[in-house]
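Chemist: fold the following and give me the result.
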Amino acid sequence: MSAVEDNEDEFSPVLKRAFAFSYPAQISQVPRAGRPLLPPSTSPITFYDRHIASSLVLKQVIYLPSLVQGLSKGCDDIVSTFLAGGHNLNYPEGFVLHERDDHPDSFDDAHSVNGYYFQRISGVCVMFCSIFHFHPDCQSWSSLLRSRRTTYVGKPSFLAETWLEVWEGILEEDLRRSQGSEADFLEGLDQETMDKVRDIAQRYPRFATWEMFAMTDVGISLVKNAIPSTMNFAWEFSRTLGSRTVSYSPVPPDTSIASQFIPALKAKRSRGSTKVVVADSKKQPVTKTSASIRPSNAGTSLKQRGLYRPEPRYYIQHAWAKAVVHDSTFIMLHCGRYERIGIRHRASQTLYLSGLIDTVNNRNPRYRKLQVALCSFIIQDLLERHELATAPMKTAGSKRPATKEPAGAHNPKRRKTSPEHTTSERPLENSGSYGKITKALGKKTLGLVSLRYGPYCSPTPASFIRIGSSCAPSLQPKPPRVQKLKAKYQTHEYFTLMLGQPLGDGATGVVHPAALEIRMKDDTGTTPILNSNDLVVKLAFEEEQKTRMQHEFTVYAHLAKKNVTGVPIVHGLFNDPDSGTLALLMDNVGQNLRERAEERTGEKSPNQVSTTKEERRAFVAVMKSIHKAGIKHMDIRADNLVIHPATGKVAIIDFDRAKFPAENMGFYDVEMECLKDLLHGRFTPDSYW
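Modeler: Numbering: from 1, shown residues only. Prediction:
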């Protein structure tokens, strides 16, 4: 008999009522009329998933049927420990469990599956776990944790997600922002708990994620068949041939939680072996490059595009990659009717997957009790990882440890393209005149793109193939033609880009700083190298983003032909055939006015910005030139007005909403008025259109 059932005081009915819930047998999948939910036509593996460091990728999947019973027993132990500590849940306000109708509406996509779990399961589980682990004596049905979920965007979705995070209320230094019982609850917490939870929020913005599938036949099949027939996992990389990088990124330590459920690890611990095998963080990644490169041609034909079939391995890779990025241990696959729980073991790069959990017929333990146990062990793992991360700082006497750098984080480094050499430890320095670099870059059809920051250290580079010519003014009016893709390229026929930590993201995509390297070939047979650190790459992933980026490139090409200055120089539009990602390669024109105002004032998202008379004149001149070319920007705000800190030159960026002469209908004076108001610190959003 469990601790919950055996305990007969007033505490027991609370737990029995809270834990005794499984999904009703009536749950069903019924698509909305006229909106059928078709099986996904593309892989869930993202551009970033392919660039996880080789020391952090998944290598094997092992079936662990004992995991569910282990979690159930663990829940009883947690309750027993709670009671043994003299704690109870007999709070003055009483326990009110707002159960909804046991006959839910039918599921029509992943968002509805997600919503049901969010409403019936996660809120109760998170509240109990917060009480058990953070504030057992607060006498309040409140929580320092919360679950979040992807929002419904108006179209059917096959995949959604729910995750755990720290409740944002505790992140406010001024608790007066909270009201009523929340304020009383926060005031009752001791400072040590407040500091710990705030530091956890900084280090681990997400500490567990549930991948939620639509409860269709395909979704159910993916969860049921998540256990592969072989232990070895075939991680999918970019398909560029001829360049390979072995990473020595440090592997974050595993906690003792995994060994509680995994017999092989438990045996090692019982023999006194607690050593964690990690990669040598002092070694630099080793890149081996052949004399010629074969770019990826995935998806370039209709036959190849039709090869994708929904398979569990694609979703497992996507979920594992997400766990690596957030440094989380537990991975859940859920489709409403069934679920699997996975434990990520970092040292062996292994995913241990539970048996199939039936959310309807799960009686021992009931499904919600199992989820309370799961959340509790997620929090225990989180607390142990936090303890490991802060132990050196605490030993040194620090009150508030600094934010942990993500696994494998390091600055972008120069990548040599000669065979059998390691990457350089020195950052790239600009070499070669700007004009020479621009001319050489404009002729290249193929760019090899790698990521090097945090958990990313591309095992193979992505092949970005030019689909739009350079817009550099020096190459106008006839820029080099876009050449057809060849089967292979010599080292002097392509360029390489190393992308660093994102600078920001928006409606059009994610912007990365980029370090460029081009190997030339002169008449003497030598291959001089041209380098530049003054570039950025904007990546677009979703179809809407790609449509906007293609439009933006068209606008930049038009401005280049009209000799407009004061806008970024775009060196081309490129496509990655493996992921379908579009890339806009352009000069880095500096810091936007909003960021500069934040640095100057310390204010987050300031309402107004300040500029000098010279800066205002320069921006107005650029806008006049843009208008003279027949373009309306349509998105004038501080984020899109940029000043280069070294040269002081101004630029206007982000033309994804811009309109051409045939569609802009004039009214340039309204846009100019908007610009002048912004520059003079009297900007009023939504007042100009």
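Chemist: strands of the stretch 201-350 of the chain, start to end?
Modeler: For the stretch 201-350 of the chain, applying DSSP state E, counting those that start in this stretch gives strands covering 209-213, 241-246, 286-294, 330-334, 338-345, 350-353.
Chemist: export the ones you listed to JSON lines and tack on mean pLDDT and mean neighbour count?
Modeler: In short, each C-beta sits where N, CA and C put it, glycine included. Below are the strands of the stretch 201-350 of the chain laid out as JSON lines (pLDDT from 0 to 100; neighbours: other Cβ atoms under 10 Å):
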{"stretch": "strand 209-213", "mean pLDDT": "95", "mean neighbour count": "26"}
{"stretch": "strand 241-246", "mean pLDDT": "93", "mean neighbour count": "19"}
{"stretch": "strand 286-294", "mean pLDDT": "92", "mean neighbour count": "17"}
{"stretch": "strand 330-334", "mean pLDDT": "97", "mean neighbour count": "24"}
{"stretch": "strand 338-345", "mean pLDDT": "97", "mean neighbour count": "24"}
{"stretch": "strand 350-353", "mean pLDDT": "96", "mean neighbour count": "22"}
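Chemist: per-residue pLDDT, Met231?
Modeler: Note for Met231: predicted pLDDT of 88.
Chemist: equivalent analysis for Gly188, please.
Modeler: pLDDT, Gly188: 79.
Chemist: so it touches Ser140, yeah?
Modeler: Yes: Gly188 is in contact with Ser140 according to Cβ atoms under 8 Å; the separation is 7.2 Å.
Chemist: higher neighbour count, the two?
Modeler: Ser140 (19 against 14; other Cβ atoms under 10 Å).
Chemist: distance check, that one against Lys604.
Modeler: Going from Ser140 to Lys604 by Cβ to Cβ, to the nearest Å gives 30 Å.
Chemist: and the pLDDT for Thr274?
Modeler: For Thr274, pLDDT reads 44.
Chemist: out of the helices and strands in this protein, which is least certain?
Modeler: Here the helix or strand of the chain ranked lowest by mean pLDDT, DSSP states H and E is strand 421-422, holding a mean of 30.
Chemist: where does the stretch 501-650 of the chain dip in pLDDT?
Modeler: Along the stretch 501-650 of the chain, the parts satisfying pLDDT under 70 run over 525.
Chemist: now do the strands in it.
Modeler: Listed in chain order, the strands of the stretch 501-650 of the chain (DSSP E, counting those that start in this stretch) span 504-505, 510-519, 529-540, 570-575, 582-587, 591-592, 641-643, 650-652.
Chemist: ok, which of those strands comes nearest Pro65?
Modeler: strand 510-519 (40.2 Å; Cβ to Cβ).
Chemist: now the angle from the closest one to strand 582-587?
Modeler: Interaxial angle of strand 510-519 relative to strand 582-587 (axes from the mean of the first three to the mean of the last three Cα atoms, to 10 degrees): 70 degrees.
Chemist: beta partners of Glu32?
Modeler: That one is not Glu; residue 32 is Arg. Bridge pairing for Arg32 (DSSP bridges) gives the partners Arg35.
Chemist: I meant Ile331, not that one.
Modeler: Here Ile331, judged by DSSP bridges, has bridge partners Thr209, Gly342.
Chemist: how about the contacts made by it?
Modeler: 209, 211, 319-320, 323, 341-344, 351 (Cβ atoms under 8 Å, 6 or more residues apart in numbering).
Chemist: any idea which of the residues you listed is closest to Val567?
Modeler: Thr209 (39.5 Å).
Chemist: please report how far the closest one lies from Asp109.
Modeler: 18 Å.
Chemist: same check, this time on Asn364
Modeler: Asn364 is 31 Å from Asp109, by Cβ to Cβ.
Chemist: Glu165: how many residues sit nearby?
Modeler: Neighbours around Glu165, by other Cβ under 10 Å: 18.
Chemist: what's the helix or strand for it?
Modeler: Assigned by DSSP states H and E, Glu165 belongs to strand 159-166.
Chemist: and the next element down the chain from that strand?
Modeler: Sequence-wise, the next helix or strand downstream of strand 159-166 (DSSP H and E) is helix 180-187.
Chemist: that older thread, which residues does the strand holding Glu165 contact?
Modeler: Outside strand 159-166, the residues that touch it by Cβ under 8 Å, 6+ apart are 40, 44, 109-111, 113-114, 117-118, 122, 126, 144-150, 197-198, 200-201, 205-214, 315, 375, 378.
Chemist: shaky segments in the chain?
Modeler: Across the chain, residues meeting the criterion (pLDDT under 70) sit at 1-12, 96-103, 172-181, 267-282, 298-307, 392-432, 525, 664-665, 687-689.
Chemist: and for Gln26, the neighbour number?
Modeler: Quick note: Gln26 (other Cβ under 10 Å) scores 10 neighbours.
Chemist: that one contacts Phe107, correct?
Modeler: No: the pair Gln26 / Phe107 is not scored as a contact, 11.2 Å apart, by Cβ under 8 Å.
Chemist: Asn364 and Asp109 - which one has more neighbours?
Modeler: Each of Asn364 and Asp109 has its neighbours counted (other Cβ under 10 Å); Asp109 has more, 25 against 10.
Chemist: I'd like the strands of the stretch 501-650 of the chain as CSV, with mean neighbour count and distance to Lys488 appended.
Modeler: What follows is these, written out as CSV (neighbours: other Cβ atoms under 10 Å; distance: least, Cβ to Cβ, whole Å):
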stretch, mean neighbour count, distance to Lys488
strand 504-505, 12, 34
strand 510-519, 22, 15
strand 529-540, 21, 21
strand 570-575, 25, 18
strand 582-587, 24, 21
strand 591-592, 18, 40
strand 641-643, 23, 39
strand 650-652, 22, 38
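Chemist: dump those strands to a markdown table, plus distance to Arg35.
Modeler: What follows is the strands of the stretch 501-650 of the chain, written out as a markdown table (distance: least, Cβ to Cβ, whole Å):
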| stretch | distance to Arg35 |
| --- | --- |
| strand 504-505 | 29 |
| strand 510-519 | 30 |
| strand 529-540 | 26 |
| strand 570-575 | 30 |
| strand 582-587 | 28 |
| strand 591-592 | 40 |
| strand 641-643 | 42 |
| strand 650-652 | 41 |
